[in-house]
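Peer 1: Attaching a predicted model along with its sequence, questions to come.
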Amino acid sequence: MKHMTAKSMRKALKTKWIEQIYQKDSVDSTLTWAKEEAESCLLANRNTVLFLADKQTAGKGRFGRVWDSPAGENVYMTLLLLRPPIEPVNAASLTLVMGLSVAQAVRESAGLLAGIKWPNDVVLAGKKICGILTEMRIGKEKPEYVSIGVGINMNQTDYPPELQDKATSLALQKGGAVCREEVTARVLERFEENYKCFLKTQDLSLLKNEYENLLLNLNQQVRILEKDSESLGIARGITASGELLVEDEKGAVRQILSGEVSVRGLYSYV
Ligand code: BTN
């Protein structure tokens, strides 16, 4: 498989919104790398910088998990937004904005019916194709930067036994390899558009409809796993700040904070 380079990525992008693209063949984690470079990006007055790697040796997942990151097949990237004009409390919603952008881009560029499992997993045929992890450094009041780490399973066709029923790739679902640059470019273009919408209201109000259209949990039973308890309910949508609305059997609706609980569908991964 051809290497993805900063040059090939730049060529595929139809926009100049991303000011700088860095690429490495191998890195511990593009999130850690972006954090290391953030200071010099701030000094250079950059707003938007992309970090891409062909392979990660210590890919980070949510809840302290490891993100398996073999070479040459997938996309591991971190989008670094410097001094974003948002309040720190709203930054977590950018994870949902990225999830939406990935699902839209996969539909457009690979023609596959990707959906979203709340809050930000992108799913095809009941299995995960993308994970997103967002980090932030807060300055005096505003974030100094927000880094959005995105891993998309593109052309990997072999998964270790423990991932086989949970993970899939665009290539497996499509029945052939996809162009990593093309899909990634569409993700970034969608993100640019969605992020601009987000900035208008500082929340997901303008994106909520589209997000809910792609939300696989919508009107489905979900099991909410909390620290010491479990409950069932029906997912009814999201709030403008990205909480999941869950209706219990008495008709009462609760807002579930992202990160506070895990939501599992009853019978499948979704
Ligand atoms: C999840 O657990 O669903 C989130 C996975 C996030 C993986 C991506 S790959 C690029 C970036 N660098 C990392 O170390 N993690 C994120």
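Peer 2: Looks like it arrived, so ask away. Numbers count the residues shown, from 1 in each chain.

Peer 1: hmm, who's touching whatever helix or strand residue 49 lives in?
Peer 2: Assigned by DSSP states H and E, residue 49 falls within strand 48-56. For strand 48-56, the external contacting residues (CB atoms under 8 Å, 6 or more residues apart in numbering) are 3-4, 6, 9, 17-30, 33-34, 37, 41, 67, 69-72, 75-82, 184, 188. For glycine as for every other residue, the C-beta is placed from the backbone atoms N, C-alpha and C.

Peer 1: Over to stretch 209-220?
Peer 2: Residues contacting stretch 209-220 (CB under 8 Å, 6+ apart): 96, 100, 103-104, 114-118, 123, 204, 234-238, 244, 263, 265, 270.

Peer 1: For it, give the mean pLDDT please.
Peer 2: Regarding stretch 209-220, the rounded mean pLDDT is 96.

Peer 1: Now do that stretch: distance from first to last residue.
Peer 2: 17 Å (CA to CA, to the nearest Å).

Peer 1: Would you mark the buried spots in that stretch?
Peer 2: In terms of neighbour count (16 or more other CB atoms under 10 Å), stretch 209-220 has its buried residues at 211, 212, 214, 215, 216, 217, 218.

Peer 1: On the three-state scheme, whichever residue of the chain sits closest to the ligand is what?
Peer 2: The minimum distance from the chain to the ligand, using CB to the nearest ligand atom, falls at residue 131 (2.4 Å). Three-state call for residue 131 (DSSP: H, G, I helix; E, B strand; the rest coil): strand.

Peer 1: OK, contacts around it?
Peer 2: Counting by CB under 8 Å, 6+ apart, residue 131 has contacts 61, 62, 67, 120, 121, 150, 151.

Peer 1: In the chain, where is pLDDT below threshold?
Peer 2: Along the chain, segments meeting pLDDT under 70 span 1, 259-261, 266-270.

Peer 1: if we go to 80?
Peer 2: Across the chain, the ranges flagged by pLDDT under 80 are 1-2, 226-227, 258-270.

Peer 1: Which residues of it lie near the ligand?
Peer 2: Residues of the chain found near the ligand (CB under 6 Å from any ligand atom) are 29-31, 56, 59-62, 65, 67, 76-78, 131-133, 149-151.

Peer 1: Understood, closing this out.
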